[in-house]
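In: predicted structure and sequence below. I'll ask about it afterward.
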Amino acid sequence: MTSRIPHFIDGTLTPGISGRTAPVHDPATGVVSAEVDLANAAEVDVAVRTALAAAREWRTSSLSRRSSILFAMRQQLSDRADELARVITAEHGKVHADALGEIARGLENVEFAAGVPQLLKGDFSEQASTGVDVYSIRQPVGVVAGITPFNFPAMVPLWMCANAIACGNSFILKPSEKDPSASLLIADMWKRAGLPDGVFTVLQGDVETVDALLEHDDVAAISFVGSTPIAKHIYEVGTSRGKRVQALGGAKNHALVLPDADVDLAADAIVSAAYGSAGERCMALSVAVAVGDVADALVDAISVRLPKLVVGPGTDPATDMGPLISREHRDRVVSYVSAGEEAGATVVVDGRSADVPTDGFFLGVTLLDHVTDDMTVYTDEIFGPVLGVVRVDTYDEGLALINRNQYANGTAIFTRDGGAARQFQFDVEVGMVGINVPIPVPVAYHSFGGWKDSLFGDTHMYGPEGIKFFTRGKVVTSRWPDPATSTVDLGFPTNS
């Protein structure tokens, strides 16, 4: 009998009552491993009301108590990382090492949030006017919801919930229905860390669940990571309902490779960034922009590395790249490769004909050369193991190509020239930049986010901007009676 994956409400695993479910697959076999409950509007209302009551109590907790729980959560994640990684691999398909890597990056955010006594310090101005002091404080917003994607079922929720909880909010997680079990393990960790019931909630669900969260009057803020069309929808609907919204959208990350680059270093970095986790990463490199005569050498260097990549189940220690998340998504990626070939791109390495397992949702790696900016393989976010090489004559041409793109999440430059690298970080219109670093995901004490159609809202994810998003600023102006006229015995002479 297929197991059921429930919600987590008020500190308890709670079976769904809507009667709606969705299948959860093992991507390495294609077999349905479980059914996940999908919350309806009534279940959302129960969860939000529970979270609201918890938020009112939690906001009164001391900063030291919050910090101690976050340190305990950090220990839970550290001690149970292997357990959580196995759950991720079983439902997402990524290799065990990649799963451990995403947990490590999520854990960094818990460590950052554990410093909440320092992070929530305000400012104070004594004697702004005679006898008048002015000071600023930051207070929690209340109930916040996180809507997270399938590709990082542990890391992205931890980007959101650590700061949200540290700031005194209650947090409702709506994970992807494709790999929902990691969310319940994270919920168990929060409970064991001592977090009060109701402060962390998991609502399994789909679009109906998301719409109910967007429409609920008691949800004060929404944090989202996913595709650009959905990010735009969530931002527009959420803000129209008076909610605070940060919505991170899609990406088409470029690597600009200059003629003076260390080609072997660049090729190693690009292969890792383009094909890791089967390319299902919002920071995956999907376009290599080769400047001048470096193009042939770069394509050759990348192509000789690709046959060495082992595609197979994520549970196999010998595997470098696991399956894609679903059969439909795999077929969609294949269609982009075919469209690129038909449009004139050169298929240097063809993942469609790769020797991969026949069960599950596997696809080999693909390298396309002579890609142009009017091909769908260039314009669209493919989210799969496909790398396109665009050839340009000059740095200026490559820069202009990157800056014209509607997505502006991450980019990288490969060069030995410090002046060129500095000019690139100055010129490029992209939110996160790597210099000889292919995936420039910021450490937890900075913030993550792109520009243009990669971000809707005015704050980036986690780090200092995350603290700002999950709190509201308040300024207090105070005046007290002159001690000389006070009727209270202060214990010292009034003329002192």
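Out: That came in fine, so what should we check first? Residues are numbered from 1 along each chain as shown.

In: any idea which helix or strand carries the spatially most central residue of the chain?
Out: Closest to where the C-alpha atoms of the chain average out (Cα atoms, centre = their mean) is residue 156, at 4.0 Å. Mapping residue 156 onto the secondary structure by DSSP states H and E places it in helix 155-166.

In: cool, and residue 133?
Out: Using DSSP H and E, residue 133 falls within strand 132-140.

In: packing partners of that strand?
Out: Judged by 3 or more Cβ pairs under 8 Å, 6 or more residues apart in numbering; DSSP states H and E, strand 132-140 is in contact with strand 124-129, strand 471-479. To be clear about C-beta, it is placed using only N, CA and C from the backbone, and glycine gets the same treatment.

In: try it again with 10 Å
Out: Contact partners of strand 132-140 among helices and strands, from 3 or more Cβ pairs under 10 Å, 6 or more residues apart in numbering; DSSP states H and E: helix 41-58, strand 124-129, helix 155-166, strand 471-479.

In: report the angle between the very next helix or strand once past that strand and helix 41-58.
Out: Scanning forward in sequence from strand 132-140 by DSSP H and E, the next helix or strand is strand 143-147. Angle between the axes of strand 143-147 and helix 41-58 is 130 degrees (criterion: axes from the mean of the first three to the mean of the last three Cα atoms, to 10 degrees).

In: in its sheet, what does strand 143-147 sit against?
Out: Strand partners for strand 143-147, identified by DSSP bridges, are recorded as strand 170-174 (parallel), strand 219-225 (parallel).

In: tilt between it and helix 155-166?
Out: Here strand 143-147 runs at 170 degrees with respect to helix 155-166, directions being taken by the same axes, to 10 degrees.

In: and strand 143-147, average pLDDT?
Out: On average, the pLDDT along strand 143-147 is 98.

In: cool, and stretch 249-261?
Out: pLDDT averaged over stretch 249-261 equals 97, rounded to a whole number.

In: can you give me the angle the helix holding residue 156 makes with strand 132-140?
Out: Between helix 155-166 and strand 132-140, the angle comes out at 140 degrees (the same axes, to 10 degrees).

In: per-residue pLDDT, the nearest residue to residue 18 once chain neighbours are set aside?
Out: Distance criterion Cβ to Cβ, 6 or more residues apart in numbering; nearest residue to residue 18, sequence neighbours excluded, is residue 40 at 3.9 Å. Per-residue confidence (pLDDT) for residue 40: 98.

In: where does residue 40 fall, phi/psi-wise?
Out: In terms of degrees, to the nearest 10, the main-chain angles of residue 40 are phi -100, psi -180.

In: quick check, it in contact with residue 7.
Out: No - under the criterion of Cβ atoms under 10 Å, residue 40 lies out of contact with residue 7, with a separation of 11.3 Å.

In: who's more crowded, these two?
Out: residue 7 (29 against 17; other Cβ atoms under 10 Å).

In: with adjacent residues omitted, what lies nearest to that one?
Out: Nearest residue to residue 7, sequence neighbours excluded (Cβ to Cβ, 6+ apart): residue 14, at 4.6 Å.

In: list the contacts of that neighbour.
Out: For residue 14, the residues meeting the contact criterion (Cβ atoms under 10 Å, 6 or more residues apart in numbering) are 6-8, 37, 39, 43, 46-47, 50, 201-204.

In: let's see it at 7 Å
Out: For residue 14, the contacting residues are 6, 7, 8, by Cβ atoms under 7 Å, 6 or more residues apart in numbering.

In: taking these one by one, which sit in strands?
Out: 7, 8 (DSSP state E).

In: can you lay out the contacts of residue 14 as JSON lines showing distance to residue 218 and pLDDT?
Out: Written out in JSON lines, the entries for the contacts of residue 14 read as follows (distance: Cβ to Cβ, whole Å; pLDDT from 0 to 100):
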{"residue": "6", "distance to residue 218": "22", "pLDDT": "98"}
{"residue": "7", "distance to residue 218": "17", "pLDDT": "98"}
{"residue": "8", "distance to residue 218": "19", "pLDDT": "98"}
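
In: would you turn the contacts of residue 14 into JSON lines with distance to residue 288?
Out: Shown next, in JSON lines, are the contacts of residue 14 (distance: Cβ to Cβ, whole Å):
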{"residue": "6", "distance to residue 288": "44"}
{"residue": "7", "distance to residue 288": "43"}
{"residue": "8", "distance to residue 288": "42"}
